[in-house]
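J.: Test case, fold it:
(2 chains)
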Amino acid sequence: MNTTASLSIETQQNPNAAGAQSSYDLVIIGAGPAGMSAASTACQHGLRVALLDEQPNPGGQIYRAIGQTALQDEKVLGPDYYAGRQLLADLHQALDSNNAVTQGLLHYFSGSMVWSIEQDQSVCFSQQTFAATNSADSENSGSPVKQTSQTNPMATSNTSRRINANKILIATGAMERPVPFPGWTLPGVMTCGSAQILLKQSALAPKMPLVLAGSGPLLLLIAAQLHRAGVEISAVLDTTPKGRYRKALKYLPGALKNLPLLKKGLELLLELKQAGIHYEKHVTGLKALSCSDGQPSVKAFDPAKPDMQPIELLQQVEYSVNGKIHHRPCQTLLVHQGVVPNVQLSRALRLEHQWNTLQQCWAPEKNTWGRSSHADIFIAGDGGGIAGAKAAEYQGRIAALKIAQTLGYLTEDQLLKHAEPFRSLLDKQQAIRPFLDQLYQPADEFLTPADDTLVCRCEEVTAGEIRAIAAKGIAGPNQTKAFCRSGMGPCQGRMCGLTVSNLIAEVQGKTPEEVGYYQIRSPIKPLTLEELADLAQ
Amino acid sequence: MDNVLTAKSAISSPSDVKEVATFKRLATRTETEQAGKTVTVYVDDQPVEMQPNDSAAAAVLTSGLRYGRTTTVGNSARAPYCMMGVCFECLLEIDGIENVQGCMTTVQEGMRIKRQHQARELSGR
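T.: Next up is the predicted model:
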């Protein structure tokens, strides 16, 4: 099925609308591949489902804007991206009011940011409320607002509400691993994922000269996509350390179970080579600089604020190959060191987490059905450990089926029968992970950066400060908050959490597992007092 | 401060903070399907034409302005970094509301986007 940009999707936008209820069998958080597939599957089996998503449209990051794709040329992003249309079509079908099976069972809440899940399984979220004309209509008719890609919802304010869940599925996905290195806060340094999001949602290409630096499949993919889009790439700097292929070889037999994916990776490398893109291997000493070669630091004043100090902007990238230092002018430096689970919600829920040494990140514990350390909370997709979009889709279906069985909508036999095909598909996707994880494990300079590197972007705390505090014998990451405010800015530790744990572990000679992670508390995103007060009414 | 004035290459005068080099729009599907349908937003009072599904952070990137805010702690310049709601580097004042995540906000006709400089000033409003 080939759906197009003109698809419309029904979304619960008015908290007071008659169609919106307050109690659900299953509340799914996140409408990426895991959340979308879980929602369609669960309501196929009769569950009343609420699907909550922060973005204005379903797709998550991997299938971002899949219903409103911006690029004219579909060759740029390639068929793996547009494969997300099938999940979107399934979701539309489930939301279709004429669908005899799922009629009225699925409620989709777009632009809805979950900020707390309480002990009683109630889910608190803040939703963008839209223009007066729209909300008046839905108040009168009591039906959800029809939002299409043509209408532009007017975000006038955010309103909080609370719904109750029997079971909860966390499908909040992954985020790019924050990559601390000298100069990574300079305007012009962005993640590779952000460039891809701009392509998917807006067909925007980064300004040039453009350099990509890092390690992992996504680095190569985005380089290829930008090249296909006609964007000139000055260089791709691969920071994958020497000897990694040899180290990863022992996992090759597993990877061979997923030959098509392995082949895709090789094809990407070949594509970049044939395109004649300057490609450097084993790059170390990556630095973003605000000065041009041989020139003093280039700064500029903002005419709007004449009394302000000069502004430092990205001018060039410095890096070493075989001990020799190189410089390249650049206006955009896209960085990437793989993706890690976004654990903000699972941490706030105090679920058990484990340190994954191969992936160098935390992941919430879960069993083969996706059930977490809390019996009523399930996890599917990359938020439970990185395995990719297809794996997320299968995990979403498996978790939804298990939840259906737990709630009595399926028998044990039906569960096993329905889940079996997705299990074998999932196994294939997961088989290649150890190979990729070992091959593309970030270099030490990004895991435990040099002393002068900013680690906490919000509160501007350096690696050196964290090391000094760690050397005083602090008990863990939470003490760094008290000593230097790391992790206490608006991002709530999302950007520095992994690095702070790693630095303390390094100084104190412990494992990250022993050191632990920040205590994450609700609300997991900043709220206005008005949004908080909504729930008291 | 002297080095600011002696810097020969790239940025050397206030007007150059706004550069010609910017994020560039590629051929879009929306252009073909809904020709002429754009949204005008104002970034620091300068009009910027955007597509209806763009974010406010994308508006800052296409406006030619090279940063979106300066930090509350060290007054250093920052620009959107992750574009997916986790890094909080794209905090903007949008239609009079401060500290809004620009990457999570869809543009709308007439939207007023302002860059944020250092910590907010409590005006007693």
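J.: Relative to chain B, how far out is residue A:40?
T.: Relative to chain B, residue A:40 is positioned 23 Å away (C-beta to the nearest C-beta, to the nearest Å). Where you see a C-beta, it was placed from the backbone N, CA and C, and this is true even at glycine.
J.: Tell me how many other residues surround residue A:450.
T.: Per other C-beta atoms under 10 Å in any protein chain shown, the neighbour tally for residue A:450 reads 14.
J.: buried sites along the longest strand along chain A?
T.: In chain A, taking DSSP state E as the definition, the longest strand is strand A:157-170. For strand A:157-170, the buried set under the neighbour-count rule, 16 or more other C-beta atoms under 10 Å in any protein chain shown, comprises A:158, A:159, A:160, A:161, A:163, A:165, A:166, A:167, A:168, A:169, A:170.
J.: Could I get the average pLDDT for it?
T.: Confidence for strand A:157-170, expressed as mean pLDDT, is 94.
J.: Tell me the helices and strands packed up against the next helix or strand after that strand.
T.: Note on strand A:157-170: by DSSP states H and E, the next helix or strand toward the C-terminus is strand A:174-176. The contact analysis (3 or more C-beta pairs under 8 Å, 6 or more residues apart in numbering or on different chains; DSSP states H and E) places strand A:174-176 against strand A:339-341.
J.: Partner strands of the strand it packs on, with direction?
T.: Strand A:339-341 pairs in its sheet with strand A:174-176 (antiparallel), by DSSP bridges.
J.: Strands along the stretch 401-537 of chain A, start to end?
T.: With strands called from DSSP state E, counting those that start in this stretch, the stretch 401-537 of chain A shows them at A:454-456, A:461-462.
J.: before we move on, what about chain B?
T.: For chain B, the strands defined by DSSP E occupy B:24-25, B:39-43, B:46-50, B:69-70, B:77-78, B:91-94, B:97-101, B:112-114.
J.: Quick one: the ones you listed as CSV, columns for distance to chain A and mean pLDDT too.
T.: Formatted as CSV, these follow (distance: least, C-beta to the nearest C-beta, whole Å; pLDDT from 0 to 100):
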stretch, distance to chain A, mean pLDDT
strand B:24-25, 5, 91
strand B:39-43, 7, 96
strand B:46-50, 8, 95
strand B:69-70, 7, 93
strand B:77-78, 4, 94
strand B:91-94, 7, 96
strand B:97-101, 7, 93
strand B:112-114, 10, 97
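J.: for the ones you listed, which one ends up most surrounded?
T.: strand B:77-78 (a mean of 25; mean count of other C-beta atoms under 10 Å in any protein chain shown).
J.: So which of the strands of the stretch 401-537 of chain A is the most surrounded?
T.: Among these, highest average neighbours (mean count of other C-beta under 10 Å) belong to strand A:454-456, with a mean of 28.
J.: so what does that strand touch, helix or strand wise?
T.: strand A:461-462, helix A:463-471, helix A:497-508.
J.: Run the chain-centre distance for it.
T.: In terms of C-alpha atoms, centre = their mean, to the nearest Å, the centre of strand A:454-456 is found 20 Å from the chain centre.
J.: quick one: strands adjacent to that strand?
T.: strand A:461-462 (antiparallel).
J.: As a markdown table, the strands of the stretch 401-537 of chain A with mean pLDDT would be great.
T.: Formatted as a markdown table, the strands of the stretch 401-537 of chain A follow (pLDDT from 0 to 100):
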| stretch | mean pLDDT |
| --- | --- |
| strand A:454-456 | 97 |
| strand A:461-462 | 98 |
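J.: what about these, which gets the closest to residue B:51?
T.: strand A:454-456 (33.7 Å; C-beta to C-beta).
J.: Do you have the helices of the stretch 51-200 of chain A handy? List them.
T.: Using DSSP state H, counting those that start in this stretch, the helices of the stretch 51-200 of chain A run over A:79-82, A:84-95, A:132-141, A:192-202.
J.: Establish whether the last one and chain B are in contact.
T.: Yes - residues of helix A:192-202 are located near chain B by C-beta under 8 Å from any C-beta of the partner chain, namely A:193, A:194, A:197, A:198, A:199, A:201, A:202.
J.: Does anything pack onto the helix ranked longest in chain B? Which helices or strands?
T.: Taking DSSP state H as the criterion, chain B has its longest helix at helix B:56-62. Helix B:56-62 sits against helix A:192-202, strand A:204-205, strand B:39-43, strand B:46-50, strand B:91-94, strand B:112-114, with contacts defined as 3+ C-beta pairs under 8 Å, 6+ apart.
J.: how about 7 Å then?
T.: Applying 3 or more C-beta pairs under 7 Å, 6 or more residues apart in numbering or on different chains; DSSP states H and E, one finds that helix B:56-62 contacts strand A:204-205, strand B:39-43, strand B:46-50, strand B:91-94, strand B:112-114.
J.: And the contacts of it?
T.: Residues from elsewhere that reach helix B:56-62 (C-beta atoms under 7 Å, 6 or more residues apart in numbering or on different chains): A:198, A:202, A:204, B:22-23, B:41, B:43, B:48, B:50, B:68, B:80, B:83, B:90, B:92, B:94, B:102-103, B:105, B:107, B:111, B:113.
J.: Same question for stretch A:220-230.
T.: Against stretch A:220-230 from outside (C-beta under 7 Å, 6+ apart): A:75-77, A:192, A:195-196, A:199, A:205, A:212, A:233, A:236, A:268-269, A:271-272, A:275, A:277, A:334, B:26.
J.: most tightly surrounded among the helices and strands packed on strand A:454-456?
T.: For those, where neighbours mean mean count of other C-beta under 10 Å, the stretch averaging the most is helix A:497-508, with a mean of 23.
J.: State the mean pLDDT of it.
T.: Rounded mean pLDDT across helix A:497-508 is 98.
J.: and it with helix A:463-471, angle?
T.: Angle, helix A:497-508 to helix A:463-471, by axes from the mean of the first three to the mean of the last three C-alpha atoms, to 10 degrees: 50 degrees.
J.: Using CSV, write out the CA atom coordinates for helix A:497-508.
T.: Output of helix A:497-508 as CSV, limited to C-alpha atoms (Å, rounded to 0.1, in the frame of the first residue of the first chain):
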residue,chain,number,x,y,z
GLY,A,497,24.1,11.4,32.3
LEU,A,498,26.1,8.6,30.5
THR,A,499,29.3,10.6,30.5
VAL,A,500,29.1,11.5,34.2
SER,A,501,28.6,7.9,35.1
ASN,A,502,31.5,6.9,32.9
LEU,A,503,33.8,9.6,34.3
ILE,A,504,33.1,8.6,37.9
ALA,A,505,33.7,5.0,37.0
GLU,A,506,37.0,5.8,35.4
VAL,A,507,38.3,7.9,38.4
GLN,A,508,37.0,5.5,41.1
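J.: does any part of it sit near chain B?
T.: No - with C-beta under 7 Å from any C-beta of the partner chain as the criterion, chain B is not reached by helix A:497-508; the gap is at least 11.0 Å.
J.: what sits against residue 42?
T.: Picking chain A for this. A:26, A:49, A:400, A:403, A:404.
J.: Chain B was what I was after
T.: Residue B:42 neighbours (C-beta under 7 Å, 6+ apart): B:112, B:113.
J.: Pick out the one among the contacts of residue A:42 with the largest number of neighbours.
T.: When neighbours are counted by other C-beta under 10 Å, residue A:400 leads the contacts of residue A:42 with 33 neighbours.
J.: Work out for me the element it sits within.
T.: Assigned by DSSP H and E, residue A:400 falls in helix A:389-406.
J.: and that helix, C-alpha only, in CSV?
T.: Taking C-alpha atoms only, helix A:389-406 is exported to CSV below (Å, rounded to 0.1, in the frame of the first residue of the first chain):
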residue,chain,number,x,y,z
ALA,A,389,13.2,-0.1,13.6
LYS,A,390,12.2,-3.5,12.4
ALA,A,391,13.0,-5.1,15.7
ALA,A,392,11.0,-2.3,17.4
GLU,A,393,8.0,-3.1,15.2
TYR,A,394,8.1,-6.8,16.1
GLN,A,395,8.7,-6.1,19.8
GLY,A,396,5.6,-3.8,19.8
ARG,A,397,3.5,-6.5,18.4
ILE,A,398,4.8,-9.2,20.8
ALA,A,399,4.3,-6.9,23.8
ALA,A,400,0.8,-6.0,22.7
LEU,A,401,-0.2,-9.6,22.3
LYS,A,402,1.1,-10.5,25.7
ILE,A,403,-0.8,-7.6,27.2
ALA,A,404,-3.9,-8.8,25.4
GLN,A,405,-3.5,-12.3,26.9
THR,A,406,-2.8,-10.9,30.4
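J.: Cool, thanks, signing off.
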